[in-house]
Structure formats: structure tokens, C-alpha cells
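In: Give the three-dimensional model of this entry:
(2 chains)
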Amino acid sequence: MTDPEKVQQLRQQYRNRQVRWGFIWAVWCAVLWGAWYVPGTVIYSEAPFVNLAGSTGDYLLAAMVITTLNAVAVLLAMYLWVAVLGKTGEYVRTMRRVRISRWYAPAGLAGMLAIFGSILAIAYVGAAFAAVAALLYPIVGALLARLWYHERITRQAALGIIVIVAGGVIIFAPGIVEELAGAGTGGLLGYVGGALAFVGWGIEGAIAGRALDVSDPDVGLTLRFTAEVALWLVVAVPIASMLAGARFWEVVGATLANPTNLLLLVLLGLTFGFCYVAWYKSFPLIGVGRGQAIAALYGPLALVWLYLFTLEAPGLQFVIGGLIAVLGSFVLFTEKRDVLEVVRAVPGARSRAATT
Amino acid sequence: MHMKGHMLQLLAERGPMWDYDIADEVMQAYGVSGDYWFGTVRLTLADLYSSGLLDEVETTVDPDKSRGAEKLLFRFGLNDFGRTRMQQSGLMGASA
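Out: Alright, predicted model coming up:
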């Protein structure tokens, strides 16, 4: 049956359904991403981390152990998810396509640095800062797309970037000025962590997109976390255990011996793993732009979550700077696109492909 | 070969195909069946289309071809960008 009216009606229903589900997934991403900062903060109040605040070395050791165990927790959550979807075989088959799966290694490295930076920022400056600092990641993503894929930065995109940078200045500047003037709390490393967070996530998105073109998103995300866990276990853990000696393994042992930490790790794994899943599910349905813009709501949501669980009001500069950065994300990501269209305009993609 | 790669290879070898034909081929090749996998293949095609690797060539409505439900069916074709991405990913000429 090819009645044009019927086709038109079904096309409309198909689009409405896609858009509805795309927005639902993107909002879920924002809710879960924002929620991740709660267990990420609370874990510092638990043994052994509560006792690891004496020196920079202690802080770094704590951040490293938390980030490593976070990656393992997310990977376990993703393995469960992929198994439930019946895609475990796909995971193995995709991993064997080295020309595709190799892209998840640098993506995992960049993401690993971003999470490590966030965990550091939580410890040194606070969770509210860590949450809104990462809102600056679209700046890096847009610049890399310009450099690597020769994507044109339109006037609206440039305006969005300027607004995000303005939000970033409000978030970062007061604390950094205090630190440099010697009036701060010794948290300069936390600001470096905040910068690592947005640079790392910007780079991760730009690299992962290429591999996701030709692999399943659920499987791709699992490969990305496999790469991160492998990097921790093969590179970072041996280096840390050389530098910190037996103390490193004592901290790991003490972490796993505390049942509250195990619960927090489950929460970290579930919130972070499924925020990524929801994020990538939204892209084909409403486009990467809208998916990312709505996901940026994680920033204000994180402030709400943190307030609800800690009853500590976030700094005013984080609220204002975060809202400005979200506004900038909407300006950057929602430029003249129909609700449902091809994420990449093919002629642009052709010329871009020709240059890579 | 993973499922998405196999789908791209089918379109590269045979030219534009209807989504239900691709779903049949894929489900047979991977030994799976049912509405879930039919939907998974259609979702993967929507993903490839929105990523700009495929063009939508034609649409129709035929409940016999969409497991009894009245659904919009698509005929997709691989475009130049899709071919380039396949070459970059080692999917062109690789064994299925």
C-alpha cells in the first residue's frame, strides 16, 4: 500500500515518536550525569579516603583509586547492559575489527583523564565546581571538529562558544585569582582537574564519533570503557604502585573492604554507564546537537542533586556560570536544524571526508 | 564481521535495499529472530542514516513486510561518505 496520504501520516507519527524518545533519552542522560557527582562526592567522606587529605600525594592517590574503581564499575554495568541486549557476541566481533576498535583507545584515554580531573576537582575545590567546569567541553569539541574535520564554525556557533567561554570565566576565574593571590585554599590542582575534565571530554567526543559511525553505540561504549580499564591496569596502576609502594594496595584493599564504598561504586557505575548509554541513544533520534544541548542540563541538575543530598548551597559563581554555559550550549548546538534531519549534511561530509 | 559492518557491506555490494530485506539477511546471517532483532536492525539503519552514511531512496507502507504492524518502511542506499567511512574502517573488500 503506497497511499501518499497514509505515508505522510505514518512519516509524521514516526518523526514524533523519534523526537519524543530522543528527548526522553537526552533528559535521562542529564539526570544520571548530574546524579553521578553525588556518589563521587560522598565517597570522599568514607574510609580510607576521608583520611587521605594530608598531602598532594594523598589526594592524587585517592583520586586515582576512585577513578580506577569507577572505570571498573562502569565497565561491569556496561557488560550487564550488553548481555541483556544480547550483544555480547557483537562486542567480541567489533573488538576484533581493529581498524574500528582501535579508535576507542585514545577516546578511553581522553575520557579517563576527564574523569580523573573531575575527581580531583571534587576533592580540591568541590563537586559543584567539578560539575559546571565540565560544561566547557563543547568549546574543545567544536575547535577539534574545525581542526580535524574542517567543519565550518558558523556565526551562531561562534556566538555559542563565546557565551560558554564567558560562563567558564565566571566559574574558574574567582577561585584561580584567589589561589594566585595566595588567599585561596591551596586548590590550584583542582582547577587543573576542572580543565582536564572539559578538555578530556571534548577530545573523547571528537574521537569516539568516528568509531561510532561504523559500530553499535552500546558495544562502542563498552569498548571505550574496556580501553579505559586496560589503560588503568596496564599503565597507571603499575606506575602508581611503584610511586606509592605498598600504600597503593593498602588503599585499594581498604576501599574494597568498606561495604559503603561498594554501594557507592555500584551507584557510580550505574549512573555514569547509563548516562553515556542514554546520551548516545538520543543522537540518532534528535541529532547530536540537540542531544548534547539537553545533556548540558546535567550541570544545573548536578547542583540540585548535590544540594538535596549535602544541604550545602553551591557557590553563586557556579550557579551563574553554569547557567550561562548551558545557554551557550543551546546556542552552539541548536543552530538552524530541523527537528529531525541527518546529523551531518552529506555534501559537507563528502568534502570533509575528502580532506581526511 | 559485526552487524553494522555487515549491513554496510550488504548495501555496498547490492546497492539500495529495503530495510525489511536487510533485516531478513542480517537475522539469517547471525542466527537470530523475532521483533526485537527486526527493530534493532531498523534502529541501526536510522543511526547510519542520521550519521550521514546512508541516503533514503524510497518509502512505503506494507504491513506484510513489517510483521503485521503498519509501519513506514525505508529503502536505503550507501552514499559517498558511507563508502569513504567504510574504506577508512577497513570494511570495503573485507570478508563478511
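
In: sec struct for A:Val304, please.
Out: Taking DSSP: H, G, I helix; E, B strand; the rest coil as the rule, one finds A:Val304 in the helix state.

In: which residues in chain B form strands?
Out: Along chain B, counting by DSSP state E, strands occupy B:17-18, B:54-61, B:72-78.

In: what about those strands, which gets the closest to A:Val98?
Out: If you check each of these against A:Val98 by C-beta to C-beta, strand B:72-78 wins as the nearest, at 22.6 Å. No exception for glycine: its C-beta is placed from N, CA and C like everyone else's.

In: Report the contact partners of the residue in the stretch 1-150 of chain A that chain B sits nearest to.
Out: Sorted by distance to chain B under C-beta to the nearest C-beta, the residues of the stretch 1-150 of chain A start with A:Arg99, at 3.7 Å. Residues near A:Arg99 by C-beta atoms under 8 Å, 6 or more residues apart in numbering or on different chains: B:Gln88, B:Ser89, B:Gly90.

In: Which of those residues sits closest to chain A?
Out: Sorting these by how near they are to chain A, with C-beta to the nearest C-beta, puts B:Gly90 at the top with 3.7 Å.

In: burial measure for the closest one, as a count.
Out: Close neighbours of B:Gly90, defined as other C-beta atoms under 10 Å in any protein chain shown, add up to 14.

In: How about A:Met112?
Out: Applying other C-beta under 10 Å, we find 25 other residues in the vicinity of A:Met112.

In: dump the residue contacts of it.
Out: With contacts defined as C-beta under 8 Å, 6+ apart, A:Met112 is in contact with A:Thr67, A:Ala71, A:Gly200, A:Glu228, A:Leu231, A:Trp232.

In: Show me which pair in those residues is furthest apart.
Out: Using C-beta to C-beta, the pair of the contacts of A:Met112 lying farthest apart is A:Gly200 and A:Trp232, separated by 14.4 Å.

In: near chain B at all, stretch A:271-287?
Out: Yes. Figure legend: stretch A:271-287 in contact with chain B (C-beta under 8 Å from any C-beta of the partner chain); contacting residues A:Phe283, A:Pro284, A:Leu285, A:Gly287.

In: Restricted to helices, list these.
Out: In this view, these that belong to helices under DSSP state H are A:Phe283, A:Pro284, A:Leu285.

In: Lowest-scoring secondary structure element of the chain by mean pLDDT?
Out: All of this refers to chain A. Scoring the helices and strands of chain A by mean pLDDT, DSSP states H and E places helix A:346-355 at the bottom, with a mean of 38.

In: that answer is for a different chain, and I need it for chain B
Out: Here the helix or strand of chain B ranked lowest by mean pLDDT, DSSP H and E is strand B:54-61, holding a mean of 86.

In: Show me what it is in contact with.
Out: Surrounding strand B:54-61, the residues in contact under the criterion C-beta under 8 Å, 6+ apart are A:1-3, A:6-7, A:10-11, A:346, B:11, B:16, B:45, B:48-49, B:70-79, B:82.

In: Of the residues you listed, select the buried ones using a PyMOL command.
Out: Only the buried members of these enter the following PyMOL selection, criterion being 16 or more other C-beta atoms under 10 Å in any protein chain shown:
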select buried, (chain A and resi 7+10+346) or (chain B and resi 11+45+48+49+71+72+73+74+75+76+78+79+82)
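
In: Quick check: closest non-adjacent residue to B:Lys65.
Out: Using C-beta to C-beta, 6 or more residues apart in numbering or on different chains and skipping residues adjacent in sequence, the residue nearest B:Lys65 is B:Tyr20, 4.5 Å away.

In: Where does the prediction get shaky in the chain?
Out: Chain wasn't specified; assuming chain A. For chain A, the stretches with pLDDT under 70 are A:1-2, A:149-153, A:182-186, A:288-289, A:334-356.

In: Sorry, I should have been clearer: chain B.
Out: B:93-96.
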